[in-house]
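Asker: Prediction below, plus the sequence it came from.
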Amino acid sequence: MREKRSPAGRNANPANKHRGNSGHQHKKQFGQNFLNNQRVIDQIVMSIRPQAEDHMVEIGPGEAALTDPIIHVVKKLEIIEIDNDLIAPLKIKFASLPAFNLHHTDALKFDYNTLLDSADEQLRVVGNLPYNISSPLMFKLIEHAANIHDMHFMLQKEVVERICAEPGSKTFGRLSVMMQYFCQTEHLFDVGPENFTPPPKVDSAIVRLIPYKQKPIVAYDEALFADLVRQSFSLKRKTLRNNLKGWLDANQIESCGINPSVRAEQLPVSAFVALANKLYEIKNR
Ligand code: SAM
């Protein structure tokens with residue numbers, strides 16, 4: 001009789017539930033939940049649509065679930081992996097391929113400018129990201145938005161919902177404003193915990209982020225804009241007037257056409273740009 005596979009697939013045996021198919025010991029501190037379902041892997045790769053001319057970056061290849069179907073297609077694949085134990089297997093598998101370029105380092109500390117072959121090069125970035133570093137990593141990557149064509153990430157579903165949230169919704173916050181200022185955002189599809197080994201405690205989802213080449217609205221000073229957005233959301237349930245005390249007074253907020261008594265989560269991205277630009281004008285008078 002054929003053995004029936006449980007949803008967790010080849011690694012479902014409780015005896016090896018924290019090991020990958022190569023016997024790798026999964027490390028919690030590196031957020032190692034490896035994809036185990038070929039149908040989901042295919043769906044992700046189809047959404048990415050790797051092309052022969054692509055210069056791609058994969059953050060956290062792990063045991064190469066996404067690397068394998070991508071590296072044979074693209075011109076160059078920059079692979080960034082922190083875990084020492086995964087480096088030799090990746091080299092054994094791929095080092096002979098012309099696209100292979102491995103960086104054994106922390107993706108949060110990596111200098112992405114070193115990957116650029118020319119000043120206007122457009123990288124494509126992908127990754128089933130370790131959930132503990134996903135927000136700081138995305139904030140770091142949007143600093144390089146001018147050199148990024150698109151990004152496809154697996155994230156905690158709740159984070160994808162926050163990135164793509166509409167103003168006024170429960171999940172709209174600082175991450176929504178910042179990502180929507182720099183990128184077109186799209187929640188592609190959800191992925192359940194049974195598709196990973198070991199299964200994470202949360203649902204996951206795939207997001208597509210396409211940095212604007214021409215932003216719909218432009219902040220005069222993007223660092224100041226980022227500071228103002230952080231300050232506007234600093235105390236939940238407080239009004240804009242309260243959170244922006246010492247930054248802009250009620251009259252200055254009103255002069256941007258914004259009611260100072262609303263809360264930050266009710267405002268569209270354009271309102272934060274208007275407030276940041278008002279602050280810029282006041283500071284540079
Ligand atoms: N891509 C594989 C997959 O889909 O099965 C593995 C994804 S697993 C969620 C995250 C991967 O990111 C692991 O390989 C882990 O070692 C790596 N990682 C964790 N923190 C990292 C960091 N700071 N820099 C680079 N890689 C990191």
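Answerer: In hand now; what should we look at? Numbers count the residues shown, from 1 in each chain.

Asker: how about the residues of this structure near the ligand?
Answerer: Taking CB under 6 Å from any ligand atom as the test, the list of the chain residues beside the ligand reads 30-35, 59-62, 65-66, 80-83, 86, 106-108, 128, 130, 133. C-beta here means a position set from N, CA and C on the backbone, and glycine is covered the same way.

Asker: Now with 8 Å, please.
Answerer: Proximity of the chain to the ligand is assessed by CB under 8 Å from any ligand atom, with 27, 30-36, 41, 58-67, 80-83, 86, 105-110, 127-133, 137, 154, 196 identified as the residues in range.

Asker: Just the buried residues of the helix or strand containing Ser47, please?
Answerer: Using DSSP states H and E, Ser47 maps to helix 38-48. Of the residues in helix 38-48, those scored as buried under the neighbour-count criterion (16 or more other CB atoms under 10 Å) are Val40, Ile41, Ile44, Val45, Ile48.

Asker: As a markdown table, the residues you listed with pLDDT would be great.
Answerer: Output for these, formatted as a markdown table (pLDDT from 0 to 100):
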| residue | pLDDT |
| --- | --- |
| Val40 | 98 |
| Ile41 | 98 |
| Ile44 | 98 |
| Val45 | 98 |
| Ile48 | 98 |
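
Asker: now the residues of the chain next to the ligand: which count as buried?
Answerer: 30-36, 41, 58-67, 80-83, 86, 107, 110, 127-131, 133, 137, 154, 196.

Asker: Among those, which lie within strands?
Answerer: Phe34, Leu35, Glu58, Ile59, Ile80, Glu81, Gly127, Asn128, Met154, Phe196 (DSSP state E).

Asker: Now distance to Gly173 too, for the buried residues of helix 38-48, in JSON lines please.
Answerer: What follows is these, written out as JSON lines (distance: CB to CB, whole Å):
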{"residue": "Val40", "distance to Gly173": "28"}
{"residue": "Ile41", "distance to Gly173": "31"}
{"residue": "Ile44", "distance to Gly173": "26"}
{"residue": "Val45", "distance to Gly173": "31"}
{"residue": "Ile48", "distance to Gly173": "27"}
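
Asker: just so I have it, where are all the strands in this structure?
Answerer: Taking DSSP E to define them, one finds strands in the chain at 34-35, 55-59, 76-81, 100-104, 123-128, 148-156, 183-191, 196-197, 204-211.

Asker: Can you list the strands that the first one pairs with?
Answerer: Sheet neighbours of strand 34-35, with direction, are listed as strand 196-197 (antiparallel) (DSSP bridges).

Asker: Centre of the chain to the strand it pairs with, how far?
Answerer: Centroid displacement of strand 196-197 relative to its chain, using CA atoms, centre = their mean, to the nearest Å, is 20 Å.

Asker: Rounded mean pLDDT for that strand, please.
Answerer: Mean pLDDT, taken over the full extent of strand 196-197, equals 96.

Asker: For stretch 46-64, output the C-alpha coordinates as PDB.
Answerer: What follows is stretch 46-64 as a C-alpha-only set of coordinates in PDB (Å, rounded to 0.1, in the frame of the first residue of the first chain):
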ATOM      1  CA  MET A  46       5.100  32.100 -12.000                       C
ATOM      2  CA  SER A  47       4.200  35.400 -10.200                       C
ATOM      3  CA  ILE A  48       7.900  36.500 -10.300                       C
ATOM      4  CA  ARG A  49       8.200  35.600 -14.000                       C
ATOM      5  CA  PRO A  50      12.100  35.400 -14.100                       C
ATOM      6  CA  GLN A  51      13.500  36.500 -17.500                       C
ATOM      7  CA  ALA A  52      16.800  35.700 -19.200                       C
ATOM      8  CA  GLU A  53      18.100  39.300 -18.900                       C
ATOM      9  CA  ASP A  54      17.300  39.700 -15.200                       C
ATOM     10  CA  HIS A  55      19.800  40.600 -12.600                       C
ATOM     11  CA  MET A  56      18.100  39.200  -9.600                       C
ATOM     12  CA  VAL A  57      18.700  39.200  -5.800                       C
ATOM     13  CA  GLU A  58      17.400  36.400  -3.600                       C
ATOM     14  CA  ILE A  59      17.400  37.100   0.100                       C
ATOM     15  CA  GLY A  60      17.600  33.900   2.300                       C
ATOM     16  CA  PRO A  61      17.800  31.000  -0.200                       C
ATOM     17  CA  GLY A  62      17.800  28.300   2.500                       C
ATOM     18  CA  GLU A  63      17.700  25.000   0.800                       C
ATOM     19  CA  ALA A  64      17.100  26.600  -2.600                       C
END
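
Asker: I'd guessed His144 sits against Tyr112; true?
Answerer: Yes: with contact defined as CB atoms under 8 Å, His144 reaches Tyr112; the gap is 4.9 Å.

Asker: Since that was my last question, I'll sign off now.
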